[in-house]
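J.: Below are the sequence and a predicted model; questions follow.
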Amino acid sequence: MSLLEGSWFGGKPVFFYKFARGPLTWCYTSSDREQTLGEDTYLPLPIKPPSIRQGSEKGRRSFSIELPRYADVAANWFPYSPSEAITLVVLCRHVGETETIVEAQGRVVGPVFSDHMLELTCEPTMTKGRRGGNPRRLTVGCDLVLYSQGRGLCNLDSHAVPVPATLTEVGELTLTITAAEFAAAPRNLAGGLIEWTDAEEVVQQIAIVSHSGETITLASWNAELLVDLDLTAYTKPFTVAATVTEVSGLTVTAAEFSEYASGRLAGGFVEWVRADGATEIRTIREHSGSTITLDYGAADLAVDLVITAYPGCAHTWAACGELENQINYGGNLHLPLENPYGGDPVW
């Protein structure tokens, strides 16, 4: 600790506030002029410094800052909430010194707007690791979060799954090729494609029409498809890239949504990258034909916006079968529907 930091009256602290959301950062300082710290330039902004409280309770470890609502970072919470977590690091350096210390760090969990100010409540990052997770529920339906990855989770890959293979048989007249690896594909290969690199280092691709066991049928033929050719087959992705053609309130229209049966996208979500690099995500509440209804809007949700839609899941055994993911089903199919402790002696 420096002498100024430990002094009651001699300290001249300058605070530095660095907000981060994905690839975006906003840097401010309590100084009356621009300051440089590392590779970042901090702009002057009147911010009320945080009151750091010590204690074992999570609520006592949180801290708040107050800044003008005209600051650029305030746009992340107005008029819509951000889809990504926004973190804040508060640093302090005394005038005349080069050493910088971390006063507080965490993620913003509660914005409160007033007429001219914005109060941000931040929770220290350490509390997330100690927070108890949601306990598993003993139900017939699956309680796992769709597309969650990890041991004991859904583990459904929404993107195209690669299947490396070596051809053992080819049928030019029937447009079929055979490889043992096709039979072990995690999902049906119909609707996907095969890909290989030719002698001139050019990537070649052909769409897959159907798949049965070790054999797949192609949409066209290529003379390079010979026995012992190494290639990669890809399953059809569950996602669909769409270009918005109409926006009316929370209803979004795109022709690509019609690739799925009505209602199939409900419970899923749409995702897009804004012009500034931030990612936005909205849950799909309803789906009918080429239109979907979102849970809430976005400032840049407009015609010609390119978005990616992820289908939802009914969390039933049948729905999991449609997604070819029953091996990871999280429900209990044989759970008794009647309570054995309900007092009925016949049970």
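T.: Looks like it came in fine. Residues are numbered from 1 along each chain as shown.

J.: Averaged pLDDT, stretch 300-310. What do you get?
T.: Stretch 300-310 carries an average pLDDT of 93.

J.: Oops, could you answer that again for stretch 135-149 instead?
T.: 87.

J.: quick one: it to chain centroid distance?
T.: Averaged C-alpha coordinates place stretch 135-149 at 18 Å from its chain's average position (CA atoms, centre = their mean, to the nearest Å).

J.: Stretch 209-228 now?
T.: For stretch 209-228, the distance to the chain centre is 35 Å (CA atoms, centre = their mean).

J.: Would you mind writing the CA trace of that stretch as CSV?
T.: These are the backbone C-alpha positions of stretch 209-228, laid out as CSV (Å, rounded to 0.1, in the frame of the first residue of the first chain):
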residue,chain,number,x,y,z
VAL,A,209,-30.8,-36.0,-50.1
SER,A,210,-31.4,-39.0,-47.8
HIS,A,211,-29.5,-41.1,-45.2
SER,A,212,-30.0,-44.7,-44.2
GLY,A,213,-27.4,-46.5,-42.1
GLU,A,214,-24.0,-46.5,-43.8
THR,A,215,-25.4,-45.1,-47.1
ILE,A,216,-26.4,-41.6,-48.1
THR,A,217,-27.9,-40.3,-51.4
LEU,A,218,-26.6,-37.2,-53.0
ALA,A,219,-28.2,-34.4,-55.0
SER,A,220,-25.6,-34.6,-57.7
TRP,A,221,-22.4,-36.4,-58.7
ASN,A,222,-18.7,-35.6,-58.9
ALA,A,223,-16.1,-37.7,-60.6
GLU,A,224,-13.8,-37.4,-57.6
LEU,A,225,-16.1,-39.5,-55.4
LEU,A,226,-14.0,-42.7,-55.3
VAL,A,227,-13.4,-45.5,-52.8
ASP,A,228,-11.0,-44.4,-50.0
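
J.: Please identify the buried residues of it?
T.: 211, 214-218, 225 (16 or more other CB atoms under 10 Å). Every residue, glycine included, has its C-beta placed from N, CA and C.

J.: ok, now stretch 177-192?
T.: With burial defined by 16+ other CB under 10 Å, the residues of stretch 177-192 counted as buried are 177-179, 181-182, 185, 187, 189, 191-192.

J.: ok, back up a step: among the buried residues of stretch 209-228, which ones are in strands?
T.: Counted as lying in strands by DSSP state E, out of the buried residues of stretch 209-228, are 211, 215-218.

J.: so how far is the first residue of stretch 230-249 from its last?
T.: 50 Å (CA to CA, to the nearest Å).

J.: Identify each buried residue in that stretch, please.
T.: 231, 233-240, 242, 244, 247.

J.: do the same with stretch 284-297
T.: Buried residues in stretch 284-297 (16+ other CB under 10 Å): 284, 287, 290-294.

J.: and the longest strand seen in the chain, which residues are buried?
T.: Longest strand in the chain, counting residues (DSSP E): strand 101-113. The neighbour-count check on strand 101-113 (16+ other CB under 10 Å) flags 103-106, 108, 111 as buried.

J.: elements contacting that strand?
T.: Judged by 3 or more CB pairs under 8 Å, 6 or more residues apart in numbering; DSSP states H and E, the packing partners of strand 101-113 are strand 87-94, strand 117-124.

J.: who's in contact with the last one?
T.: This means strand 117-124. If you take CB atoms under 8 Å, 6 or more residues apart in numbering as the criterion, strand 117-124 is touched by 50, 58, 61-69, 71, 74, 77, 88, 104-112.

J.: Kindly recompute the last result at 6 Å.
T.: Applying CB atoms under 6 Å, 6 or more residues apart in numbering, the contact partners of strand 117-124 are 61-67, 69, 74, 88, 106, 108-112.
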